[in-house]
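[1] no sequence for this one, just the structure:
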């Protein structure tokens, strides 16, 4: 009896539980009716799925779709097809070029006038049918063969041809190789200048020096991340990190598509000012679809990542802690963050700061005036006050890291500076890398400093300097963010651009969509193709900074000839009747033969002149200029044959 009662109790409990599931106590009558309807299953479904025992579906889920179709929740049952769908999604993500307007007939033309095949002199023209903009107007420094030349600027011939359609000058940052030629351009033609505050103020300072202050009225300070309409262009400045404050990449949008120009950049995630490269904005354009990328190639041979600027700080800490006397730090005057790190260490260690060097003083004043860096004014002293303090209480920040002969550090090293002389207790910090071509100058100044007894921190500290340009992994990141259809490496020598181009191919750029440009080549780009259309006049113009004017090419060539080959000057008086010398010719040479051989050389030329006069055509005596040209050829052949030199020949012949 007890067993029967227990079975009845279990049966009742089971019934109660079933009713509780099927008919919740909180359901309304309508809900009960709906639940009852859902519990009724078609007979056919029961036959097809005999083993399926599902709970009532109270969420009204739609019927399952076919296995090969995507469900509303973003998943499918067919694994192979799911892989194919995801593969297409990946390809579209990496190559969003289908978003470009292939039906447009609009074109964009890119013409670099500098910054290719060289380090520096950056200048590029971007054109549409009716508008044009200039991106940067930079300068170069001369090499040792350019005697008497202070700077080189791009040839502006092409700008004169398209002057009517130029809307503006676009500035990416304030380095000399991007703004140094601005005063020389503005002496000839003027346009609105768009850029951020520091680059514009640096250009303004140059205008002041050239007595062109009135041209500041052309400045247009921009907001980053805010596109601006300029002619047929829409241009946006995007923040990038570099070795100078307030650098930018630009997005140039036209009817043909969007072009991204990186300017000089690195990707520093921990910059001194806390403002890293705007990767989000670059990625935004990459998702929209970018027609063309032109990108900095300077460090394209450097593997990995460029180190963050913050790595220099701990090196300064070690050097400052071990210094027994004055610390004299030299770096590029434009590297305000490097200068700021040194000043921070100097102030925190109780040192007064003395800034020496015109460009260093000017750039620091501009940065402090605009609020980019902030230091108490009472921490600074003038050069004439340095000797009032103990050596261990002084930090000197100066120019001369490249060994320039007129720099403050060089003059200190050779004891020609008015106020500062290098002492054996001084600690010198060269926080810069030698620019290609300056290695000899840097080595020379180090030798002078060591001879003066000072300690020099340079290559023995690996983190004493970091580059401002992107290494390979940063270049790859830029390429992957922007995902351009077409790619043209810029800024650097040909081998740098070529290496950067290979990196672009590794990152998905088709080889046929890559072009390695040369200065003066004009490249036409549309969503369908990229091709070279012509070559415009380019090259360099020589500038004498002492007089602020151009130097003719032939003057520089003559100086090179005189320096390398020597000079021969001939003054002769000739009788036309008997073709003889009226008197002994005067022959002078420089840089060709030793002084003790001057008389022998003069006799050689006199004999040569006599033979020349005896055999020259009679009619040539009527034209003194032609006579001198023929004599020049004869003397040059003799010098080439005997002395293996091509001297400058300066003949002056009087015929009587």
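    Cool, the structure landed. This structure is a prediction, so every number in the text was calculated from the model and none was measured.

[2] what ranges does the stretch 401-550 of the chain have for its strands?
    Remark: strands assigned in the stretch 401-550 of the chain by DSSP state E, counting those that start in this stretch are 427-430, 455-457, 484-490, 521-525, 530-535, 540-544, 549-551.

[3] weakest of those strands by average pLDDT?
    Of all the strands of the stretch 401-550 of the chain, strand 549-551 carries the lowest average pLDDT, namely a mean of 85.

[4] show me what that strand pairs with in its sheet, parallel or antiparallel.
    Using DSSP bridges, strand 549-551 pairs in its sheet with strand 540-544 (antiparallel).

[5] quick check: buried residues in the strand it pairs with?
    By neighbour count on 16 or more other C-beta atoms under 10 Å, the buried set for strand 540-544 is 540, 541, 542, 543. Heads up, the C-betas are built off the backbone N, CA and C, glycines and all.

[6] of the strands of the stretch 401-550 of the chain, which is nearest residue 289?
    strand 484-490 (7.8 Å; C-beta to C-beta).

[7] just checking, what packs against that closest one?
    Here strand 484-490 touches strand 290-296, helix 494-506, going by 3 or more C-beta pairs under 8 Å, 6 or more residues apart in numbering; DSSP states H and E.

[8] please work out the average pLDDT along the longest one.
    Same thing as helix 494-506. The pLDDT scores in helix 494-506 average 97.

[9] need the contact list for the residue nearest the centre of the chain.
    Centroid-nearest residue in the chain, with C-alpha atoms, centre = their mean: residue 264, separated by 2.8 Å. Residues in contact with residue 264, defined by C-beta atoms under 8 Å, 6 or more residues apart in numbering, are 172-173, 175, 178, 240, 242-243, 247, 296, 298, 468-469, 491.

[10] what about the strands in the stretch 51-200 of the chain?
    Using DSSP E, counting those that start in this stretch, the strands found in the stretch 51-200 of the chain span residues 108-114, 123-127, 132-137, 151-154, 166-170, 193-195.

[11] pick out the shakiest of these, pLDDT-wise.
    Across those, strand 151-154 has the smallest mean pLDDT, namely a mean of 94.

[12] buried ones in that one, by neighbour count?
    Buried, per 16+ other C-beta under 10 Å, within strand 151-154: 151, 152, 153, 154.

[13] list the beta-bridge partners for the last one.
    Read that as residue 154. Under the criterion used (DSSP bridges), residue 154 bridges to residue 540.

[14] so it makes contact with residue 540?
    Yes. Residue 154 lies in contact with residue 540 (C-beta atoms under 8 Å); the separation is 6.9 Å.

[15] got a list of what the residue nearest to residue 423 when sequence neighbours are not counted touches?
    Leaving out its chain neighbours, the residue that sits closest to residue 423 by C-beta to C-beta, 6 or more residues apart in numbering is residue 325, at 6.4 Å. Contacts for residue 325 were tallied using C-beta under 8 Å, 6+ apart; they are 391, 392, 423, 425, 426, 427.

[16] tell me the two of the residues you listed that are most distant?
    For these, and using C-beta to C-beta, no pair is farther apart than 392 and 423, which are 11.9 Å apart.

[17] what residues are shared contacts of those two?
    Common neighbours of residue 392 and residue 423, counting by C-beta under 8 Å, 6+ apart, are 325, 326.
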